[in-house]
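Participant: quick one: sequence plus predicted model below, questions after.
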Amino acid sequence: MTSQPILPASRAAHPLYLGIDVGGTGMKVGVVDDNGKTLGFTSIPTEEPRGPVDAMQRIASSSEELLASIGLTKKDIVRVGLGTPGSQDIPKGMLIEPPNHPHWHHFPIVKCLEDAIGLPVSFANDANAAAFGEFWVGTGAVYSSMVLLTLGTGVGGGIIIDNQLVVGHNSFGGECGHMIIDPSPNARLCVWGGGRGHLEAYASASAVVQRAKEELAAGAVSSLTSDAGTLTTKKIYLAASSGDEFSLKIIDETADYLALGIATVVHTLDPGLIVLGGAMNFGGSQCPIGKRFLKRIGEAFRKRSFEYVANGTKIEFASLGGDAGYLGAAGIARMEYKKLAT
């Protein structure tokens with residue numbers, strides 16, 4: 001289910017868009033109006049081994065069913081936004097080698113969806129789509145520039161500068177999780193590409209669990225000792241909430257690693273706003289551990305930045321949750337539609 005309020009179609013601001021967010025296990029579809037309001041939402045399993053043709057055909061069928069359920073048809077939609085994991089060739093509409101989709105490599109995903117759904121499609125990296133969603137109708141809505149870091153299995157990212165999404169020459173723009181924060185020859189390996197010393201190798205959920213397991217195996221004292229074999233960041237968060245000093249230390253160290261990456265991003269782009277999204281937020285802004293996490297990031301960032309730059313930079317949690325991807329995909333479709341209309 002979407003967490004967004006559902007707007008009756010009769011109150012929608014036209015034109016209307018479809019936003020599609022393809023994940024490793026699930027695909028989300030939303031009908032979105034010109035103000036970023038959700039009129040309808042559905043989700044279906046990705047079933048990755050069945051391949052991209054099957055997935056896009058099921059997306060098209062689910063979209064038509066969704067539209068019919070709210071009294072609309074494809075004629076009411078002007079454009080579709082599609083967000084998928086990278087790597088990609090955005091101008092060519094191609095998936096290259098997305099790690100979580102081994103049966104989808106080197107595939108013309110945009111043409112396939114356009115043929116299946118009968119509408120023009122705008123294409124984006126999934127993290128870039130999520131960033132654009134937060135920029136359009138989320139935490140970044142009052143900013144002209146922002147950077148999103150998504151903290152999950154890996155560390156994704158998306159960059160908007162002066163209202164423009166940064167895609168890059170190789171369709172790799174915004175991959176902030178692959179910046180180098182540790183140049184040593186024995187630095188940790190990142191989750192996906194095997195790159196050494198990447199931010200993702202230290203501050204992703206996978207990396208946090210691995211770091212914690214290593215320390216527990218080395219004899220660290222913690223209430224998590226008996227859970228070492230089934231450790232998750234949620235268990236680390238719950239232990240920290242109960243006062244477990246080891247878990248608090250792991251979270252603090254994660255904040256320090258993130259601050260390294262944020263300092264590099266800010267000193268390169270000066271966006272004014274860094275937004276932290278993804279599943280690993282340690283309870284978020286409504287929880288004492290989440291507040292501690294965000295505060296620690298800010299303090300560590302300030303130590304590595306110029307005072308006036310730090311004073312002019314906000315670091316906040318994302319507000320759209322798992323809806324950011326389909327909303328941002330729809331927003332990118334909207335942007336392209338309006339550009340083509342002028």
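Facilitator: Received, thanks. Residues are numbered from 1 along each chain as shown.

Participant: any figure for the gap between the residue located most distally from the centre of the chain and residue 213?
Facilitator: Residue farthest from the centre of the chain, counting by C-alpha atoms, centre = their mean, is residue 219 at 34.7 Å. Separation of residue 219 from residue 213 (C-beta to C-beta, to the nearest Å) stands at 12 Å. For glycine as for every other residue, the C-beta is placed from the backbone atoms N, C-alpha and C.

Participant: all helices for this protein, in order.
Facilitator: 52-69, 109-117, 126-137, 200-203, 205-217, 233-241, 245-269, 288-303, 307-311, 324-341 (DSSP state H).

Participant: adding mean neighbour count, write the ones you listed out as CSV.
Facilitator: Output for these, formatted as CSV (neighbours: other C-beta atoms under 10 Å):
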stretch, mean neighbour count
helix 52-69, 18
helix 109-117, 20
helix 126-137, 29
helix 200-203, 28
helix 205-217, 19
helix 233-241, 21
helix 245-269, 20
helix 288-303, 18
helix 307-311, 12
helix 324-341, 24
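
Participant: got a markdown table for these, with mean pLDDT and distance to residue 9 too?
Facilitator: Formatted as a markdown table, the helices of the chain follow (pLDDT from 0 to 100; distance: least, C-beta to C-beta, whole Å):
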| stretch | mean pLDDT | distance to residue 9 |
| --- | --- | --- |
| helix 52-69 | 97 | 9 |
| helix 109-117 | 98 | 19 |
| helix 126-137 | 97 | 18 |
| helix 200-203 | 96 | 41 |
| helix 205-217 | 95 | 38 |
| helix 233-241 | 96 | 37 |
| helix 245-269 | 97 | 39 |
| helix 288-303 | 97 | 36 |
| helix 307-311 | 96 | 45 |
| helix 324-341 | 96 | 15 |
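
Participant: would you format those helices as CSV with distance to residue 180 included?
Facilitator: Shown next, in CSV, are these (distance: least, C-beta to C-beta, whole Å):
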stretch, distance to residue 180
helix 52-69, 32
helix 109-117, 30
helix 126-137, 19
helix 200-203, 10
helix 205-217, 14
helix 233-241, 23
helix 245-269, 9
helix 288-303, 17
helix 307-311, 21
helix 324-341, 27
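
Participant: nearest to residue 317, out of those helices?
Facilitator: For residue 317, the closest of these is helix 288-303, at 6.7 Å, according to C-beta to C-beta.

Participant: now the closest one, how far from the chain's geometric center?
Facilitator: Distance of helix 288-303 from its chain centroid, counting by C-alpha atoms, centre = their mean, to the nearest Å, is 20 Å.

Participant: report the angle between that helix and helix 233-241.
Facilitator: 90 degrees (axes from the mean of the first three to the mean of the last three C-alpha atoms, to 10 degrees).

Participant: so which elements touch helix 288-303?
Facilitator: Packing partners of helix 288-303 (3 or more C-beta pairs under 8 Å, 6 or more residues apart in numbering; DSSP states H and E): helix 233-241, helix 245-269, strand 314-317.

Participant: name the residues that touch the last one?
Facilitator: Put plainly, it is strand 314-317. For strand 314-317, contacts defined as C-beta atoms under 8 Å, 6 or more residues apart in numbering pick out 139, 262, 272-277, 281, 284-285, 290, 294, 297-298, 301.

Participant: so what are the sheet partners of it and their directions?
Facilitator: As defined by DSSP bridges, the strand partners of strand 314-317 come to strand 273-277 (parallel).

Participant: send the alpha carbons of the strand it pairs with over as PDB?
Facilitator: Only the C-alpha atoms of strand 273-277 are listed here, as PDB (Å, rounded to 0.1, in the frame of the first residue of the first chain):
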ATOM      1  CA  LEU A 273      20.100  20.000   1.500                       C
ATOM      2  CA  ILE A 274      21.100  16.400   2.100                       C
ATOM      3  CA  VAL A 275      18.100  14.000   2.400                       C
ATOM      4  CA  LEU A 276      18.600  10.600   4.000                       C
ATOM      5  CA  GLY A 277      16.100   8.000   2.700                       C
END
